[in-house]
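Undergrad: Prediction below, plus the sequence it came from.
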Amino acid sequence: MNNKNFWILLILLLTGIVLGGFLGSLADGISWLSWLNFGQSFGLDSPLVLNLGMLVITFGLSIKITLASIIGVAVALLIYRYI
């Protein structure tokens with residue numbers, strides 16, 4: 001039962017992050033809602049490249065946390081609590 005609850009929580013959190021980030025980027029064009037897209041980006045500025053001759057592997061990661069995504073996580077946690 002705990003594994004099912006963990007997976008539901010993980011899916012709800014990821015959904016809250018994605019939808020919050022999407023709504024934040026949509027609100028960026030509206031002057032009175034532009035504060036939703038305020039946030040901080042962190043990660044690798046340029047990707048790491050591993051060249052093995054015949055195989056080239058590129059690794060990059062960048063995460064942007066915005067106020068809208070934080071609100072999305074909070075809503076996801078509230079939904080999870082009442083499920």
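TA: Here it is on my side, so go on.

Undergrad: Every contact and neighbour count from this point should use C-alpha atoms.
TA: Noted.

Undergrad: Which of the helices or strands spans the residue nearest the centre of the chain?
TA: The structure's the chain has its C-alpha centroid closest to Ile17; by CA atoms, centre = their mean the separation is 4.2 Å. Ile17 is located in helix 2-27, with elements delineated by DSSP states H and E.

Undergrad: Look up the pLDDT of the nearest residue to Ser34 once chain neighbours are set aside for me, please.
TA: Leaving aside its chain neighbours, Ser34 sits nearest to Asp28 (4.4 Å; criterion: CA to CA, 6 or more residues apart in numbering). pLDDT for Asp28: 83.

Undergrad: follow-up on the earlier one: report the distance from the helix holding Ile17 to the chain centre.
TA: Distance, stretch centre to chain centre, for helix 2-27: 8 Å (CA atoms, centre = their mean, to the nearest Å).

Undergrad: Tell me the buried residues in it?
TA: Of all the residues in helix 2-27, those buried under the rule 16 or more other CA atoms under 10 Å are 9, 12-21, 23-25, 27.

Undergrad: Parallel or antiparallel, which strands does whatever helix or strand comes next after that helix pair with?
TA: Tracing the chain past helix 2-27, the next element assigned as helix or strand by DSSP H and E is strand 39-43. Applying DSSP bridges to the sheet, strand 39-43 is found paired with strand 62-66 (antiparallel).
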